[in-house]
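Enquirer: task: produce atomic coordinates for the following.
(chains A, B, C and D)
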Number of protein chains: 2
Amino acid sequence: MNAERRKPVLTNKEAFVKKVSKEILSGKWRTGDKLPSEREYAAETGFGKTVIHSGFEQLAAMGLVDIKPKSGIYVADYMKTGSIDTLNAIINLRGNELGRDVIEAILDLRLAIEGMALRALCSRRSDEDIAHLCAMTEELKKRSSAMGEEELAESFFLWHREICILSRKSVLTLFMNTTHDVSIAFWVNYIRLFGIAFAIKRLERFIELIQARDGEGAYQLLAVGIAEYLAKLEM
Amino acid sequence: MNAERRKPVLTNKEAFVKKVSKEILSGKWRTGDKLPSEREYAAETGFGKTVIHSGFEQLAAMGLVDIKPKSGIYVADYMKTGSIDTLNAIINLRGNELGRDVIEAILDLRLAIEGMALRALCSRRSDEDIAHLCAMTEELKKRSSAMGEEELAESFFLWHREICILSRKSVLTLFMNTTHDVSIAFWVNYIRLFGIAFAIKRLERFIELIQARDGEGAYQLLAVGIAEYLAKLEM
DNA sequence: TATGCTAACTGGTCGGACCAGTTCAATTCT
DNA sequence: AGAATTGAACTGGTCCGACCAGTTAGCATA
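Expert: Below is the predicted model:
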């Protein structure tokens, strides 16, 4: 009934980052507003000043705030200056309630990234690569019934990331990892909409195309999958 | 607002992160190796334990290390698990000496990102958008002779980012920002190879095409620019 | 040899102290 | 009265030393 599986504990810093993220993303403050000082937050939350300081550094890295030393911490114009981390923060806080245009842009990007990887892999794949992908798929098929929603999504993410890794285009792997949180949200929805059996069938079809060195076919399959997903969202 | 002045000083944390980044990227340790403890680094560097701890958090965010609480800090398999931040770290340490394949992948991605933005902007641009881009370009032209290499690169980055902003596709802006460090390295090289006059001419050509709502033309111009750059690299 | 327990070690946190710029209102000078 | 100056309060950045709670490895025991 209870069966906690997520990280049961949240480090103080994570808790603080989450708290302030919420405050900012919920619109409690506007762009340019000066936030309470680190000391005030420390007093309010009961956390140490160290944790608050470190937390603000992370928020700055996420693009949500601007730190002006000796002056204060200000809400950044994060939709202009933010990065993927900002997007990840939004996703982690708002869940899967993303605008259609946002989803579309993300998927277009994934198409660009993985499409490149697929083409490269098709032209250089070895038999070991195929065997490796087959083994991964079998493993996934075997364990899928015992997996939770997010765990499944993670597995599909890892499967597709493997395409990037095997393609030997390390930059693509790095980009792929960058879209991790966003991708998880996608796969959770995808599996809900199409079912696990269908999703696995797709993986096997990918393997066939890679084995046949059909780069264009593999790219098209990826594009079709994304288009189908978007079409289903419409309904 | 833009063209941020260089900070002459390096904060202790930044110095530490740089030091350890170098140690890892130079291959002093191998994937999975256990690093000295925070306390040891604190003693060695003379920095406070707080700074070392915070530094390791940043290194973990960059994907260079795995922190296992109560156990130790281990060198991560960052080429598999890293993100764009990892790439940025590599670029900032190695300078512009990137492999051809890396550059190619990055530029392909930029083409995908900005290409989407250009098409969107062409179909929705207002007269204000055009005026805004013209003003930016004029400003750049006027100040270009007094600007340093990196400052120029930053300006070109901001100009192209403006395309994403004006396209109203906020996700693209976020992605664009994610590639900031990588893009700066590109623009520095680009301006070296083609000269500032040519580069500005290109910006003006972009404005013409956007004004004419020629999305395909703008996309092609972008693609051509990248192809030219890669061709020149060849020589 | 296998097992179990202890003690050292680790990252995570806290709070106080100090530093050096920033800010702004009260003060001083013109 | 208005402009320039000063200074005290406040800010982020850093360091320290102590403590907490899991991890780990070595030593003693069976």
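Enquirer: helix/strand/coil for the residue located most distally from the centre of chain A?
Expert: Largest separation from the mean C-alpha position in chain A: A:Lys70, at 34.8 Å (Cα atoms, centre = their mean). Here A:Lys70 is recorded as coil under DSSP: H, G, I helix; E, B strand; the rest coil.
Enquirer: gap between it and chain B?
Expert: 13 Å (Cβ to the nearest Cβ, to the nearest Å). Where you see a C-beta, it was placed from the backbone N, CA and C, and this is true even at glycine.
Enquirer: which residue is nearest the centroid of chain A?
Expert: When Cα atoms, centre = their mean is applied to chain A, the residue found nearest the centroid is A:Asp181 (1.9 Å).
Enquirer: now do it against A:Glu151, distance only.
Expert: Relative to A:Glu151, A:Asp181 is positioned 15 Å away (Cβ to Cβ, to the nearest Å).
Enquirer: what's the answer for A:Lys28, then?
Expert: Taking Cβ to Cβ, one finds A:Lys28 at 34 Å from A:Glu151.
Enquirer: residues contacting A:Ile106?
Expert: Listed by Cβ atoms under 8 Å, 6 or more residues apart in numbering or on different chains, the contact partners of A:Ile106 are A:Leu87, A:Thr179, A:Val182, A:Phe186, B:Val171.
Enquirer: so it belongs to a helix, correct?
Expert: Yes: per three-state DSSP, A:Ile106 lies within a helix segment.
Enquirer: can you pull the residues of chain A lying near chain B?
Expert: A:50, A:53-54, A:57-58, A:61, A:63, A:79-84, A:86-87, A:101-102, A:105-106, A:108-109, A:112-113, A:116, A:165, A:169-175, A:177-178, A:180 (Cβ under 8 Å from any Cβ of the partner chain).
Enquirer: of those residues, keep whichever come out buried.
Expert: A:50, A:53-54, A:57-58, A:61, A:63, A:79-84, A:86-87, A:102, A:105-106, A:108-109, A:112-113, A:116, A:165, A:169-175, A:177-178, A:180 (16 or more other Cβ atoms under 10 Å in any protein chain shown).
Enquirer: ok, and of the residues you listed, which contact DNA strand D?
Expert: A:Thr50, A:His53, A:Glu57 (Cβ under 7 Å from any atom of the strand).
Enquirer: quick one: which of these sit in strands?
Expert: Counted as lying in strands by DSSP state E, out of these, is not a single one.
Enquirer: from those residues, pick the one nearest chain B.
Expert: Set against chain B, the nearest of those by Cβ to the nearest Cβ is A:Thr50 (5.6 Å).
Enquirer: might one say that the closest one is in contact with B:Lys49?
Expert: No: counting by Cβ atoms under 8 Å, A:Thr50 does not reach B:Lys49; the two are 9.9 Å apart.
Enquirer: mind listing what whatever residue of chain A ends up closest to chain B touches?
Expert: Among the residues of chain A, A:Ala112 lies closest to chain B, at 3.5 Å counting by Cβ to the nearest Cβ. By Cβ under 8 Å, 6+ apart, the contact set of A:Ala112 is B:Asp108, B:Leu109, B:Ala112, B:Ile113.
Enquirer: and it, how far from B:Asp108?
Expert: Taken as Cβ to Cβ, the span from A:Ala112 to B:Asp108 is 7 Å.
Enquirer: equivalent analysis for A:Ile24, please.
Expert: Between A:Ile24 and B:Asp108 the distance is 33 Å, computed by Cβ to Cβ.
Enquirer: buried sites along the host helix or strand of A:Leu203?
Expert: Element membership of A:Leu203 [criterion: DSSP states H and E] is helix A:196-211. Neighbour counts using 16+ other Cβ under 10 Å place A:Ile196, A:Ala199, A:Ile200, A:Arg202, A:Leu203, A:Phe206, A:Ile207, A:Leu209, A:Ile210 of helix A:196-211 among the buried residues.
Enquirer: again with stretch A:86-101
Expert: Across stretch A:86-101, burial judged by 16+ other Cβ under 10 Å covers A:Thr86, A:Leu87, A:Asn88, A:Ala89, A:Ile90, A:Ile91, A:Leu98.
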